[in-house]
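Participant: let's see this in three dimensions:
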Amino acid sequence: MAGSLSLLRRLYLSLYNWVVFIGWFQVLYLAVKTLLESGHEEVYNAVERPLQFAQSAAFLEILHGLVGLVRSPITATLPQISSRLFLIWGILWSFPEVQSHVLVSSLVISWSITEIIRYSFYGMKESLGFSPSWLQWLRYSTFILLYPIGISSEVGLTYLALPHIKSSEKYCIRMPNTWNFSLEYFNVAVIAIAFYIPGSPHLYWYMLGQRKKVLAKSKAE
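Facilitator: The predicted model follows:
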């Protein structure tokens, strides 16, 4: 029974990782192609659907951690996935005014390179039981450059959306209402930006720690 469950787990995680890998590969291909042929203004329109699919699928990783399918700590997974989903749906999809900004290109390219490496790394580990040393090095090294680019793009796009959030009053809840509750989406976006101040260094240092531990173990073997 335990062996069957272990096999099902590996099959499921293999399928999940490779499907999302294909999604991010499509995002990168379309982003680079559009950037070269049409300019950064058209990148979002080219990648919107595969980007929404690939990033939204990451919500399952929170569930994977909660039910014990993977060992990744929720404290590291939840903030990163939540912030990305907020940006994808709560900023880019909701406020088209920022979709043509050059930061969309830096965001999409840094995210997609990171995720192509990550999902192929875990896909190979689940499918074959191992991953090449060069892929492991990329998995635990490329974030050193790509993470700051991605985070800067996330914060920048959210900041650029603030005037449009305020003027549109989209997603605001006004009183009086049944719940006797009010919400300013502008304040939600400001709080989201503020969370990057403690959250980004915490996650960056966590990943540096993981890099040191994994690569040291790899050398020892």
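Participant: which non-adjacent residue is nearest the most centrally placed residue in the chain?
Facilitator: For the chain, Arg84 is the residue whose C-alpha lies nearest the centre (C-alpha atoms, centre = their mean; 4.9 Å). Nearest non-adjacent residue to Arg84, counting by C-beta to C-beta, 6 or more residues apart in numbering: Gln55, 5.5 Å away. Bear in mind the C-beta positions are built from the backbone N, C-alpha and C, glycine included.
Participant: so the one you found versus Pro176, what's the distance?
Facilitator: 37 Å (C-beta to C-beta, to the nearest Å).
Participant: where does the residue lying farthest from the centre of the chain land on pLDDT?
Facilitator: Centroid-distance maximum for the chain: Pro176 at 36.7 Å, with C-alpha atoms, centre = their mean. At Pro176 the predicted local confidence, pLDDT, stands at 82.
Participant: same question, Tyr159
Facilitator: Reading off the model, Tyr159 has pLDDT 98.
Participant: repeat that for Gly3.
Facilitator: The model reports Gly3 with a pLDDT of 68.
Participant: residue contacts, the residue nearest to Arg84?
Facilitator: 84-85, 88, 111 (C-beta atoms under 8 Å, 6 or more residues apart in numbering).
Participant: can you rerun that using 7 Å?
Facilitator: 84-85, 88 (C-beta atoms under 7 Å, 6 or more residues apart in numbering).
Participant: what residues of stretch 127-140 count as buried?
Facilitator: Within stretch 127-140, the residues that count as buried by 16 or more other C-beta atoms under 10 Å are 127, 131, 135-136, 138-140.
Participant: actually stretch 65-76, not the one I wrote
Facilitator: For stretch 65-76, burial by neighbour count (16+ other C-beta under 10 Å) applies to 65, 70.
Participant: do stretch 162-180 as well
Facilitator: So, applying 16+ other C-beta under 10 Å, buried residues of stretch 162-180: 162, 164-165.
Participant: how far out from the middle of the chain is it?
Facilitator: 27 Å (C-alpha atoms, centre = their mean, to the nearest Å).
Participant: go on, stretch 70-79?
Facilitator: 13 Å.
Participant: now do the helices in the protein.
Facilitator: Along the chain, counting by DSSP state H, helices occupy 2-37, 43-56, 59-67, 74-85, 102-128, 133-139, 143-168, 185-220.
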